[in-house]
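>>> sequence below, structure please.
(chains A and B)
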Number of protein chains: 2
Amino acid sequence: MSTIQKIKGTRDFFDLDAEKFRYIEQVCSNEIKKFGFKEMITPIFENTAVFNRLGEQSDIVTKEMYSFFDRSNRSITLRPEGTAPVVRAFIENKIYANSIDVNKYFYFGPIFRYERPQAGRYRQFHQFGVEAFGNSTAILDVDIILSAWTIIEKLNLQNIVLKINTIGDLSSRDKYQKALVEYFNKYTDKLCNDCKVRLEKNPMRILDCKVDVNQDFMKNAPKIKDYLSQESIDYFNEVLRGLDTFGIKYEIDENLVRGLDYYTDTVFEFIIKSDDELNNLAICAGGKYGNLVKDLNGPDIPGVGYAFGVERLIELMDRQNVWPSLKINPEIFIMALDEQSKIEAQRLALYLRKLGLKVEFDYKNISMKPQFRLSEKLNVEYILIIGENERKENLITVKDVANKTQVTIPISDLLNYLPYELINAKEGFCYDENAQ
Amino acid sequence: MSTIQKIKGTRDFFDLDAEKFRYIEQVCSNEIKKFGFKEMITPIFENTAVFNRLGEQSDIVTKEMYSFFDRSNRSITLRPEGTAPVVRAFIENKIYANSIDVNKYFYFGPIFRYERPQAGRYRQFHQFGVEAFGNSTAILDVDIILSAWTIIEKLNLQNIVLKINTIGDLSSRDKYQKALVEYFNKYTDKLCNDCKVRLEKNPMRILDCKVDVNQDFMKNAPKIKDYLSQESIDYFNEVLRGLDTFGIKYEIDENLVRGLDYYTDTVFEFIIKSDDELNNLAICAGGKYGNLVKDLNGPDIPGVGYAFGVERLIELMDRQNVWPSLKINPEIFIMALDEQSKIEAQRLALYLRKLGLKVEFDYKNISMKPQFRLSEKLNVEYILIIGENERKENLITVKDVANKTQVTIPISDLLNYLPYELINAKEGFCYDENAQ
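Down below sits the predicted model:
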């Protein structure tokens, strides 16, 4: 019989990959909490209605959702993006009623889109995202962008550029969309099939088209800046001034409109600059959404947020080689040279584990050769050896692998022979910047 | 329009609930890594075939799976348990070929079962689980149980009892099953409908039946111990001796057989003892599975593992009131008393956040009253106040909320006025036992 395989477009994370994944989660979660965000963990699936409101013409909703009927014939969808579920939870749990002006939540979890499989694209991938609900102020937009920038710095990413644009308030957008329709109607024969549909349903998304992007007529299309209300212009300028204050460099990209329909005013992306195929890809994208909470039957409260793609972060950090040292191996291996010593090895392992050390021993072998081989395979820092001699005289042999030294000492002295940092090992993933 | 609600049987975790969830994840992950386990993150869904092998008569497989066809007509199932996906990944990624005798992995994530909704039961719930693949030794079984016990201790759970049993190797089970069929055939009229089916397909699971459990004939049913091979008896006794060595108390429960078909020899559960409805419920269940890797078309390698139910842990820790202090609020609130001070507040916030502090400020208001109200709502420890005076003279006012003291100091002295522990705040969730 053949091996059962994972579903196409999904991925197993294990060993170092799992540590990388959790490192990113930990950095994002630690940093964003400092900005006053709390975590929101929503279910993996939602009523399909939660996502249908995202924009009926978006590819995500029309082509890429994992929707199915459960045993009670409800239409359920594995979440194809992270914002709508958090909005749903914000409304359903009446969080808006807590009299805090701006409620700020983050999430980290899987997202599902049935896309054509291609390099770097997964059908289950992961996002870290944030949503801030409440008073719409430029200073909040700036704080949101600062938080993303802080995470980018903390992850040690290089050559990341902020692109920013405003797509205006609803009245600005209405005027702009009319101008776009008028303009593109002159080029219908040159538009790709998708854009022909977009021209009817959501003309702004033509500007996002990856097929038509290099056509000449795209360059001369009307720009949103010529259709903005004074209020939207002032708001955008205030955001830009805020970024200037904090020395955050940005490029205004007039074609940046974002793929989902719910954005208003500020939209932004953090883009990779590189000489490989990652060039110009976004690692983070977001913006203000004036109407999504209301569209999902909630109160009229605006939101602003962004999301990072975890898989792309991992790929970029691999290429830029900016990972910190991530340890997956045990620090100590305990070698037992006879059956009776095996139980002593297990006892000592438990003791050292309770002190916070990562300890391994061989569950079966008592001859030295396979145990040494295993300790090498595990790449441990210290090997502790217990044999009949050691056991009878309460001794232990300590082998320092890096220094190739070996001493036999009273077992009561053991902790003095292991380095202080090891004994005071930080718990699991604990990136304490002050200790670095 | 009505509010869109989460799917029945699912749950949002936010604010303190999300912190509780992550606290459990962090403790489980930290502790198990010390036992030499590495993380395995498998996809949320798998080919349905991965789960069909778990036992065709189990309720999970026949009634409770969320299975659906994707857009390419593959039968996909949201994982209804955690072991089979890890086994699938162990086989598919050929981890067994790495020449490490025992490969040890843990997972933490959502599990999906379409069960009748009832108190404490969710259709999406979460498990922390471990799987060790390799040499079958009693000492490994003991180490697995020790690791679960260490987690129980670390979570500070009270009144937990280990129940253990052996269900023997395959030949023991064959003999036993024949005896069970013979015995229960005498009581077919008294068996519940499910058990009538079990009698045909998997008679051992009759012993698990929650309907028939109190019937008289159940007490006199044949016991596995009378059908065990000498090898299985010796193996079980060695496991019990190991537990004795480490002072782990246990009760042998001859009716403990576990709901899934893949177990052999050692099976165990950690049970709650209480005077409420949680009494006798398991927080952790596991055992050895001799044949699952082979059944999923992998090599003939035995496994042993267990899983904790996260929602039940949270409920138990709530009832036993054993949570450590979990902070979700910002430590510092910065109050700005005019528009120009707002930008200073944001600048100071960024500075303090980069030092590791959780800092919040009001994005909009400049009058004191709403800002004080917000700082109270957020339950912060310190309020920093910047107004025109402070700004002009490079001062800042520091209000210690608990002590109700307030001083105005040069802003360059600020860090001296915030407590050392705060400045050296540990990152996010970092439970460093040595620092406690």
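
>>> up against chain B, what does the stretch 251-400 of chain A have?
Selection of the stretch 251-400 of chain A residues close to chain B by CB under 8 Å from any CB of the partner chain yields A:296-298, A:328, A:330, A:342-343, A:346-347, A:349-350, A:353-354, A:356-360, A:362-365, A:370, A:373-374, A:377-378. (Glycine included, C-beta is placed from N, CA and C.)

>>> low-confidence ranges, chain A, go.
Where chain A drops to pLDDT under 70, the residues are A:1, A:55-59, A:258-261, A:420-436.

>>> can we see that at 80?
By pLDDT under 80, the low-scoring segments of chain A are A:1-3, A:53-62, A:117-120, A:208, A:210, A:212-213, A:257-262, A:419-436.

>>> returning to that earlier point: restricted to helices, list the residues of the stretch 251-400 of chain A next to chain B.
Using DSSP state H, the members of these that fall within helices are A:342-343, A:346-347, A:349-350, A:353-354, A:370, A:373-374, A:377-378.

>>> after the helix or strand hosting residue A:148 comes which helix or strand?
In this structure, residue A:148 is located in helix A:138-154 according to DSSP states H and E. Downstream of helix A:138-154, the first helix or strand assigned by DSSP H and E is strand A:160-166.

>>> now for that next one, which elements pack on it?
Judged by 3 or more CB pairs under 8 Å, 6 or more residues apart in numbering or on different chains; DSSP states H and E, strand A:160-166 is in contact with helix A:138-154, helix A:230-245, strand A:250-252, strand A:264-272.

>>> deepest-packed of the ones you listed, please.
Highest mean neighbour count among the helices and strands packed on strand A:160-166 (mean count of other CB atoms under 10 Å in any protein chain shown): strand A:264-272, with a mean of 24.

>>> angle of it against strand A:160-166?
Strand A:264-272 runs at 160 degrees relative to strand A:160-166, counting by axes from the mean of the first three to the mean of the last three CA atoms, to 10 degrees.

>>> dihedrals phi and psi, residue A:51?
In this entry, residue A:51 is assigned phi and psi values of phi -100, psi -20 (degrees, to the nearest 10).

>>> that one and chain B: what is the separation?
Note on residue A:51: its distance to chain B, by CB to the nearest CB, to the nearest Å, is 10 Å.

>>> isn't that residue right up against residue A:75?
No. Using CB atoms under 8 Å as the test, residue A:51 is too far from residue A:75 to be in contact (10.3 Å).

>>> settle it for me: which of those two has more neighbours?
residue A:51 (23 against 12; other CB atoms under 10 Å in any protein chain shown).

>>> please report how far residue A:316 lies from chain B.
As judged by CB to the nearest CB, residue A:316 and chain B stand 19 Å apart.

>>> gap between that residue and residue B:377?
Relative to residue B:377, residue A:316 is positioned 39 Å away (CB to CB, to the nearest Å).

>>> for those two, indicate the residue with more neighbours.
Just comparing residue A:316 and residue B:377: by other CB under 10 Å the higher neighbour count belongs to residue A:316, 21 against 14.

>>> distance of the more buried one relative to residue A:29?
Residue A:316 is 19 Å from residue A:29, by CB to CB.

>>> for residue A:13, same thing?
17 Å.

>>> could you do residue A:148 as well?
According to CB to CB, residue A:148 and residue A:29 sit 14 Å apart.

>>> next: residue A:344.
Distance of residue A:344 to residue A:29, computed by CB to CB: 40 Å.

>>> and what of residue A:165?
Per CB to CB, residue A:165 is found 29 Å from residue A:29.

>>> quick one: which of those two has more around it?
When residue A:165 and residue A:29 are compared for neighbours, residue A:165 comes out ahead with 25 against 20, by other CB under 10 Å.

>>> ok, that one touching residue A:268?
Yes. With contact defined as CB under 8 Å, residue A:165 reaches residue A:268; the gap is 7.3 Å.

>>> tell me the secondary structure at residue A:62.
Residue A:62 carries the three-state label helix when classified by DSSP: H, G, I helix; E, B strand; the rest coil.

>>> picking up where we left off before, list residues touching both of residue A:51 and residue A:75?
Residues touching both residue A:51 and residue A:75 by CB atoms under 8 Å, 6 or more residues apart in numbering or on different chains: none at all.

>>> wait, a strand at residue A:397?
Yes. According to three-state DSSP, residue A:397 belongs to a strand.

>>> can you name the residues that contact it?
Contacts for residue A:397 (CB under 8 Å, 6+ apart) come out as A:384-387, A:390, A:406-409.

>>> from the residues you listed, which land in helices?
Judged by DSSP H, the contacts of residue A:397 include residue A:390 as members of helices.

>>> just name the closest of the contacts of residue A:397 to residue A:304, please.
residue A:384 (54.5 Å; CB to CB).

>>> the closest one touches residue A:337, doesn't it?
No. Residue A:384 lies out of contact with residue A:337 (CB under 8 Å); the separation is 11.5 Å.

>>> those two: which is more packed in?
In terms of neighbours (other CB under 10 Å), residue A:384 is the more surrounded of residue A:384 and residue A:337; the figures are 25 against 21.

>>> which strand residues bridge the more buried one?
Beta-bridge pairing for residue A:384 (DSSP bridges): residue A:334, residue A:398.

>>> now do the contacts for it.
Residue A:384 neighbours (CB under 8 Å, 6+ apart): A:332-335, A:348, A:396-399, A:414.

>>> for chain B, what is the nearest residue in the stretch 151-300 of chain A?
Relative to chain B, the nearest point of the stretch 151-300 of chain A is residue A:297 (4.5 Å; CB to the nearest CB).

>>> that residue: what's it in contact with?
A:91, B:1-4.

>>> inside helices: which ones of these?
Cross-referencing the contacts of residue A:297 against helices under DSSP H gives residue A:91.

>>> got the contacts of residue A:297 as JSON lines, with neighbour count and distance to residue B:100 columns?
JSON lines is the format used below for these (neighbours: other CB atoms under 10 Å in any protein chain shown; distance: CB to CB, whole Å):
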{"residue": "A:91", "neighbour count": "21", "distance to residue B:100": "49"}
{"residue": "B:1", "neighbour count": "6", "distance to residue B:100": "57"}
{"residue": "B:2", "neighbour count": "5", "distance to residue B:100": "55"}
{"residue": "B:3", "neighbour count": "11", "distance to residue B:100": "52"}
{"residue": "B:4", "neighbour count": "20", "distance to residue B:100": "49"}
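
>>> could you dump the contacts of residue A:297 to JSON lines with distance to residue A:83?
Formatted as JSON lines, the contacts of residue A:297 follow (distance: CB to CB, whole Å):
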{"residue": "A:91", "distance to residue A:83": "13"}
{"residue": "B:1", "distance to residue A:83": "19"}
{"residue": "B:2", "distance to residue A:83": "21"}
{"residue": "B:3", "distance to residue A:83": "17"}
{"residue": "B:4", "distance to residue A:83": "14"}
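
>>> nearest to residue B:198 among the contacts of residue A:297?
residue B:4 (40.9 Å).
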